[in-house]
Structures are given as C-alpha cells and as structure tokens.
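Asks: Could you work out the structure for the sequence below:
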Amino acid sequence: MRGIIITIIASMLGGIAPATLGQARGNYPDDALHAWFDKLKSGKGLCCSFADGRTVADPDWDTQDGHYRVRVDGEWIVVPDDAVVIVPNIFGQAVVWPYPEYSNSDNKITIRIRCFMPGTQG
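Replies: Purely as a prediction, here's the structure:
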C-alpha cells in the first residue's frame, strides 16, 4: 500500500512543474536569477527551487479577506500566511510551490502551498 501511495504522490509531483519554468529561471548554475530562486523561502522553509514551482497568471491569484489565494489545477486554495515569500519579486510573475499531502485518515490527497510569491501587478 505504501508503494502505491508513493507512486501516486510522485506522479502528482511530476505534473506540477511545467517545462517552461526551467527556461524562466535559467539553465546555468551561475545565472543570477537561478541563484535568487534557489534561496527563496517562506515561513515554511526553502521553496526548493523554481523548477518545483509554477508561474501563476494574474487571473489565477488574488486576495480575499486579507489573505492571498491561488488557483491550482482549477481549485482556489487560500495561501497560509506563513507560506508567503516576503522578499521583492524581481522575477515579476507570481509563483506558487504546491505539494500533495496524503491523509491516512480519509485516504485523500490534498494540495498544500509551501511557498507563494505574489506577482508585481501593473
């Protein structure tokens, strides 16, 4: 059973990062934007790297009742306050780092937000 759960989570993670994100970050370890993304963190810890995140179009994130929310796979998710990246966004576009969380109690996978960096809306 555990192997099945790991396989499900791994397949979900594989669908989280579109290939275009690596191009935005840069493909070279000495690229300044690449290094900047690799150091980003929220109150939940490091955001991993930009390759683990998704860019978010302006219509797919906003604020409601004083909290950010973001649409991931068609579902609006309220961003926990401690998941917000508070450094200035030099990339410009909003980015979210979602991850699946499995619950043994109800055999359900829920998408959680590790980090969210608001975009610089014009």
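Asks: Run through the neighbouring helices and strands of the helix or strand where residue 96 lies.
Replies: Residue 96 is part of strand 94-103 when elements are defined by DSSP states H and E. Applying 3 or more CB pairs under 8 Å, 6 or more residues apart in numbering; DSSP states H and E, one finds that strand 94-103 contacts helix 2-14, strand 54-56, strand 67-72, strand 108-117. To be clear about C-beta, it is placed using only N, CA and C from the backbone, and glycine gets the same treatment.
Asks: Quick check, pLDDT for the spatially most central residue of the chain.
Replies: Closest to where the C-alpha atoms of the chain average out (CA atoms, centre = their mean) is residue 97, at 1.1 Å. If you check residue 97, the pLDDT there is 96.
Asks: was I right about it contacting residue 115?
Replies: Yes: if you go by CB atoms under 8 Å, residue 97 and residue 115 touch, sitting 4.1 Å apart.
Asks: Quickly list what's touching both of the two.
Replies: Shared contacts of residue 97 and residue 115 (CB atoms under 8 Å, 6 or more residues apart in numbering): 47, 53.
Asks: low pLDDT regions in this protein?
Replies: Applying pLDDT under 70 to the chain flags the ranges 1-30, 49-51, 121-122.
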